[in-house]
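1. with the sequence up front, the predicted model follows.
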Amino acid sequence: MRMIKKPNRQPEIQQTGWKKRPSEIRGFQRTLYMNTENGDYVRVDYNIRDKKIRLYVEVAEEGGNPYYSVITNGKVTAEKSVSTGRSFGFEDKFSSRADVFRTLPQRDAFRLIGNNYGISYSKKSKRPKTKKEELREQTKKRYFKKEDLAQVDEEGGTGSSRFGINIIDVIDFSIGVIASGAVFYYFQYSYVAMGAVSAFFGIIVGLFDMFIRGRGPVFFKVLFFVLSGIAFYMYGYFL
């Protein structure tokens, strides 16, 4: 009988990037964990309500030796080697991986670390951006390329007028007016429909300014569409 040789299994490629799940450790709410590029396994368990966080590292160059540290109210309350049982004296295991811990996507959890192990960052040294934040920055830059064509005004601005309105705002006004007018005609001269669309557009464009464009909303623009929308809606409703 001929024996069939089973192919050798290739080792799984370790992927980087934080993953999230509920924590199974008593006293903690959530867990963030990842495999680093050099093979370390890093895990963080935290409880925001109790201001407590647990840092855990399996060091690849030591054959996966595990270490953990518990920080409560900003102070290290426990530090231990799981394999030897020895307590404290393992600060370098966490401080040498400060750059990894700085990439924690949960900001509230990150603040629980406090000033320990050199992980915290000052305003001058920014925390490395997550993939989501980098994508958001790229979207902003792509959107604002149009402003490069705007002329610099007398006050040294970037295409903004004295009323704080620039080309992007003019485009927003045009879109809002056209959309409201189109709805008005589509619904057979309905002031109610036009008012609802205008008010909704004003709110959306304000949120778009804050969260997508990363700037404060132009209140004149927002109020124009919201107040106009309310006025048209009330006029159509009671007409």
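-> Okay, I see it. Bear in mind the structure is a predicted one, so any value in this text is a computation, not a measurement.
2. use CA for all of it now, contacts and neighbours both
-> Will do.
3. Ile168: which element?
-> helix 167-186 (DSSP states H and E).
4. in that helix, what counts as buried?
-> Neighbour counts over helix 167-186 (16 or more other Cα atoms under 10 Å) mark 167-169, 173, 176-177, 180-181, 183-184 as buried.
5. how about the helices of the protein, start to end?
-> 91-95, 98-101, 107-111, 131-143, 167-186, 191-211, 219-238 (DSSP state H).
6. Lys80: which of the buried residues of helix 167-186 is nearest?
-> Ile168 (55.8 Å; Cα to Cα).
7. mind checking how far that closest one is from Asn35?
-> Ile168 is 43 Å from Asn35, where distance means Cα to Cα, to the nearest Å.
8. likewise Val177?
-> Distance from Val177 to Asn35, by Cα to Cα: 51 Å.
9. show me how far the helix holding Ile168 is from its chain's centre.
-> Relative to the centre of its chain, helix 167-186 is centred 31 Å away, using Cα atoms, centre = their mean, to the nearest Å.
10. other SSEs contacting that helix?
-> When contacts are defined as 3 or more Cα pairs under 8 Å, 6 or more residues apart in numbering; DSSP states H and E, helix 167-186 packs onto helix 191-211, helix 219-238.
11. tell me the most buried of those?
-> helix 191-211 (a mean of 20; mean count of other Cα atoms under 10 Å).
12. list of residues touching it?
-> Helix 191-211 has contacts (Cα atoms under 8 Å, 6 or more residues apart in numbering) with 172, 176-177, 179-181, 183-184, 187, 215-219, 221-237.
13. returning to that earlier point: among the helices of the chain, which comes closest to Asp45?
-> helix 107-111 (8.7 Å).
14. how about that closest one: buried residues?
-> Of the residues in helix 107-111, those buried under the neighbour-count criterion (16+ other Cα under 10 Å) are 109-110.
15. contact partners of it?
-> 46-48, 53, 101-102, 104, 120.
16. just how off-centre is it within its chain?
-> With Cα atoms, centre = their mean as the basis, helix 107-111 stands 12 Å off its chain's centre.
17. mind exporting the C-alpha coordinates of it to PDB?
-> The C-alpha trace of helix 107-111 is given here as PDB (Å, rounded to 0.1, in the frame of the first residue of the first chain):
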ATOM      1  CA  ARG A 107      -7.600  57.100  22.900                       C
ATOM      2  CA  ASP A 108      -9.400  56.700  26.200                       C
ATOM      3  CA  ALA A 109      -7.500  53.500  26.800                       C
ATOM      4  CA  PHE A 110      -4.200  55.200  25.800                       C
ATOM      5  CA  ARG A 111      -4.700  57.900  28.400                       C
END
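18. so for it, what's the average pLDDT?
-> For helix 107-111, mean pLDDT is 89.
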